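**Student:** Make a model of this:
(2 chains)
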There are 2 protein chains.
Amino acid sequence: MTKIVIVGGVAGGASAAARARRMSETAQIIMLERGEFVSFANCGLPYHIGGDIASRDALLLQTPESFKKRFNVDVRIFNEVLSVDAVTKKLQVKNVLTGQTYEESYDKLLLSPGASPIKPPIPGINNPHVFTLRNIADMDAIIAALVAHKPQHATVVGGGFIGLEMVEALHQRGVRTTLLELAPQVMAPVDPEMANLLHRELLNKGVDLRLNTGLTAVESLDSLPAEPEAVDAYDQPTPHHALLSLSLSSAQPLATDMVIMAVGVKPDVALANGAGIALGERGGIKVDSGMCTSDPDIYTVGDAVETPDFVTGNPTLVPLAGPANRQGRIAADNMLGLDKQYHRTQGTAICKLFDLAIASTGLNEKTLKRLQLPYQKVYVHTASHAGYYPGAHPVTLKLLFDPDNGKILGAQAAGMDGIDKRIDVLAVAQRAGMTVRDLQDLELTYAPPFGSARDVVNQAGMVATNVLDGDEHVCHSEDVAQPTADQLVLDVRNPPELVNVGAFPAAVNIPVDQLRQRMNELPKDKEILVACQVGLRGHVAYRMLQQNGFNVRNLSGGYKTFQMTMAKF
Amino acid sequence: MTKIVIVGGVAGGASAAARARRMSETAQIIMLERGEFVSFANCGLPYHIGGDIASRDALLLQTPESFKKRFNVDVRIFNEVLSVDAVTKKLQVKNVLTGQTYEESYDKLLLSPGASPIKPPIPGINNPHVFTLRNIADMDAIIAALVAHKPQHATVVGGGFIGLEMVEALHQRGVRTTLLELAPQVMAPVDPEMANLLHRELLNKGVDLRLNTGLTAVESLDSLPAEPEAVDAYDQPTPHHALLSLSLSSAQPLATDMVIMAVGVKPDVALANGAGIALGERGGIKVDSGMCTSDPDIYTVGDAVETPDFVTGNPTLVPLAGPANRQGRIAADNMLGLDKQYHRTQGTAICKLFDLAIASTGLNEKTLKRLQLPYQKVYVHTASHAGYYPGAHPVTLKLLFDPDNGKILGAQAAGMDGIDKRIDVLAVAQRAGMTVRDLQDLELTYAPPFGSARDVVNQAGMVATNVLDGDEHVCHSEDVAQPTADQLVLDVRNPPELVNVGAFPAAVNIPVDQLRQRMNELPKDKEILVACQVGLRGHVAYRMLQQNGFNVRNLSGGYKTFQMTMAKF
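**Tutor:** Have a look, this model is predicted:
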């Protein structure tokens, strides 16, 4: 009879416990959770704060009792593991309610400690009006503060998933919000031009977005003399009720009533470290493909582990619920003697921000550049379903691929409809080892309410295949923004579009439908950078010009991509 | 300079013309279309009739003029090709407006004739109140009849895509509608239990659904003496305005005001036949993987061609817009001397019916049975996104796979949300040659508004892998409906569910959470057929019992699947 002890009762741990029991009725299974709750919906926390999820109970998926009844798992909440002795295979456990400690032995140990919100060591970070959001208790504290202090203004620090979701949640509760982001963009998994769509959405919704801005200190205003310099996000004199003054890396102090720190998470490796388990180069726990650590009887899953990146194989930290769940299942099987493998991580993720969704899978361009990996990219802007059927919205899709073999390296999409679907399709295609050529042939569901005969993903595949086959050479926004003396930017849109939508700097305008007749207006000794609104007419013009002996490139994604790329926030 | 003539200016033909021009500025390209319109949105026709698409112009994607300007294609509408002489490479063309005929030569010919609605040879089929729907003129005629005659009742014959979309369109216009379907189910691409979800939806919306019912004759009521037997769909006396009396294969005549014939389409092979081009075994035009017919200078694409089925390689007729578009592109390249290949057809398709969507890809169970191919199937019923976030609806998914290697054979899904996405994901996985095992590992976008940490598709992969690995043996509704004397049906739901949702006939009820304590109540000499609501608790019970020496199978998809399967319409 195998005795399995699981430390941590959320995503990975809970999945492992349930799977282990299904695979073995005879195993002894103990789950130790230092908090009050097991298997709660941590991804739902911001949505309960914002009010979309009305019932707090809806977030509590299982109880110790339900786990016991269903899976015969001995769940001990409020039980914190203090240390692991990997030699004697014993744990020191503390009941945090009684303060008593006891020893627990294991045959197989699963660590599912997760990752904790990073609290940078800045003055005042422990002020009671500064919050992080990881669990039910954190959520309760934020809601209690919202109720007690009725803050008029909140500051979210960090524009990742939690940060953006909290901005929306606070906005929904009528709290004016400032978002501070140290980087030049929010949502690190996507590239800057895609993030600009989020920046625009934040501004449209009235959020005070401050990029390239760090928080350097937090001070309680009520314990301070009047601070005439401190102004609130809207440059009004500090209202007398403001609870905090924030010092920023730029500009004057910011008066606010509460701070949500959402600058990222770090793997909880204390227990593993204490047990002498090897850590990886990214600071997470190192595991083999069976989720086993350097100790053959200790497994780890979830936000605390390093897994290989899908494209590079390099160790990466991907704190997402999906991988944690699957890893838990695999670890359970392997602790019981099976041989299951976790495969590489693409990091597929999505975030809703007000009316927009943004999603990505695989590597982004920033990472490809940093690793000096060869890549090519194309952009398409295509309707989420047949444009003539109501409710279609543009999908902005960026596809990154290997310029030699066409393998998909990564994809990013943003828009109001159908974003999850397109990245799901591309994530499957990438995992299957498909090339951009294969994307042309995908047979996707089509009826006017759902898609197009040539779906966004087919379209992206066709555009990328043209590039791969040399049937089109593309240029990008940077080229068109600053053409050299040997280049000419040719805008093939219709003149009203230039007025209504916006014009490229220093471009010649010949509408595509006049180009065959007016080709003689163009120089053959310059490289012609063709541009239109989304890249389609530009492609038609490209093919005309190229076949007539011009040296041409087409702006991938057209003016829409140019606008995204050049926007300054 | 290649001279390309394209016969037919909709989906495949229009795609081919545009692609051919992009690939060659020098080719002469002529497009001959017997109708008034090229490149119209034929999939949108029912939605304009129903009013969802308000503007008729929205359906007209291109005009001859726009095609000429953009692509320098000589588009000749109202030009019908009467015959093809493949030896001299000449066409006889008739201008249907002037009646004049002329000869046109070609180097390469593309036939994109499409398929015509089948009009079975029954008496009265040519009555002016009987309509089909293939093109803009058909749509206009239906709308004109709706306006002129203000029909109170319409009859749609055939429950395929067009038939169901027309039922919804007529319903939206306030016309009471009877749907006649000769088969025992609507929507032939899916299996009967999935179609039952559509049957339920039709009845819920007040549609008079008559399965197993054929139309045998159409008679004008105004030219007939009073017919006391004829009653309308609601068994009320015939209102005096009824225009038609329909004879049916069953029951009494049906009084109605208009008939939409939507019993399927047959490939338009007349031209090809006359040219001596080989037809295939399904009655369509035979092509190689480059879309070339038996004549090396004649290509064909779209609804008229036979393509190999993805799973079996057998020739199949798949009249869908997506394949037509892709084939057009491939044929264009090949007519210009390239070597592009069309790959097999999965037949991925989707249909919206009121609040439901139903979609499928690959082979269905009916076909697998008919071809005597080995298969296994599982059902899952999982929320379209995290259940605790508002707006989640169940996705009912049926997954068919090879019992030996786990390869995906086909999938069907129905529900109110996220159906397109799940079938898209499965269509990509199938095309990539993935197994159900791979579905477990798919990294799909997850945030509570969009999915689940364990998505419907992951869940289906896990369930199917359990079956493939022998970790679960499944049974199906037929087994549970009629257990043998050596079997016992064990319902592991909670007693209130049996009352509120419905009970299995002759089942023993032990809730799963009591099963470990009450296992002694069960016989070891009988096969135990475990059942719950959707199959999850059944799996937990299965694992308990199996490990305790019982002979067990679990009902895949639980009571929900049982209910779908056993429903009678």
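**Student:** give me the element A:L439 is part of.
**Tutor:** helix A:436-441 (DSSP states H and E).
**Student:** Do you have the helices of the stretch 301-450 of chain A handy? List them.
**Tutor:** Remark: helices assigned in the stretch 301-450 of chain A by DSSP state H, counting those that start in this stretch are A:321-335, A:365-370, A:419-431, A:436-441.
**Student:** One more: the stretch 151-300 of chain A?
**Tutor:** A:161-172, A:192-204, A:270-274.
**Student:** For A:D491, list each beta-bridge partner.
**Tutor:** Counting by DSSP bridges, A:D491 is bridged to A:N509, A:A531.
**Student:** Who does A:L399 form a beta bridge with?
**Tutor:** With DSSP bridges as the rule, A:L399 is bridged to A:V378, A:A411.
**Student:** any idea how far A:A464 is from it?
**Tutor:** 6 Å (CB to CB, to the nearest Å). Backbone N, C-alpha and C define where each C-beta goes, glycine included.
**Student:** Can you tell me the SS state at the closest residue in space to A:R543 that isn't next to it in sequence?
**Tutor:** Using CB to CB, 6 or more residues apart in numbering or on different chains and skipping the chain neighbours, the partner closest in space to A:R543 is B:R22 (4.4 Å). Classification of B:R22 using DSSP: H, G, I helix; E, B strand; the rest coil returns helix.
**Student:** And A:V5, by the same measure?
**Tutor:** Here A:V5 is recorded as strand under three-state DSSP.
**Student:** Please name the nearest non-neighbouring residue to it.
**Tutor:** Of all residues not flanking A:V5 in the chain, A:Y106 sits nearest, at 4.0 Å (CB to CB, 6+ apart).
**Student:** For that neighbour, list the residues it contacts.
**Tutor:** By CB atoms under 8 Å, 6 or more residues apart in numbering or on different chains, A:Y106 lies in contact with A:K3, A:I4, A:V5, A:I30, A:K89, A:K90, A:L91, A:D297.
**Student:** hmm, back to that, could you name every residue contacting both of A:L399 and A:A464?
**Tutor:** Common neighbours of A:L399 and A:A464 (CB under 8 Å, 6+ apart) are A:V378, A:V436.
**Student:** Next, count neighbours for A:H149.
**Tutor:** A count of nearby residues for A:H149, using other CB atoms under 10 Å in any protein chain shown, gives 13.
**Student:** Just the pLDDT for A:A233.
**Tutor:** pLDDT for A:A233: 52.
**Student:** and A:R370, how many residues sit next to it?
**Tutor:** With other CB under 10 Å as criterion, A:R370 counts 10.
**Student:** per-residue confidence at it?
**Tutor:** So A:R370 comes in at 98 (pLDDT).
**Student:** gap between it and chain B?
**Tutor:** 22 Å (CB to the nearest CB, to the nearest Å).
**Student:** what do you get for A:T565?
**Tutor:** A:T565 is 24 Å from chain B, by CB to the nearest CB.
**Student:** pretty sure that residue contacts A:N196?
**Tutor:** Yes - between A:T565 and A:N196 there is a contact at 7.4 Å, judged by CB atoms under 8 Å.
**Student:** ok, the closest residue to A:P117 other than its chain neighbours - how many residues close by?
**Tutor:** Residue nearest to A:P117 in three dimensions, not counting chain neighbours: A:T132, with 3.7 Å by CB to CB, 6+ apart. Per other CB under 10 Å, the neighbour tally for A:T132 reads 21.
**Student:** Same question for the one 4 residues further on.
**Tutor:** By the criterion of other CB under 10 Å, A:I136 has 18 neighbours.
**Student:** Show the contacting residues for the residue of chain A found nearest chain B.
**Tutor:** Going by CB to the nearest CB, chain B is nearest to A:A432 of chain A, at 3.3 Å. Contacts for A:A432 (CB under 8 Å, 6+ apart) come out as B:V428, B:A429, B:A432, B:G433, B:M434, B:D438.
**Student:** Alright, calling it a day.
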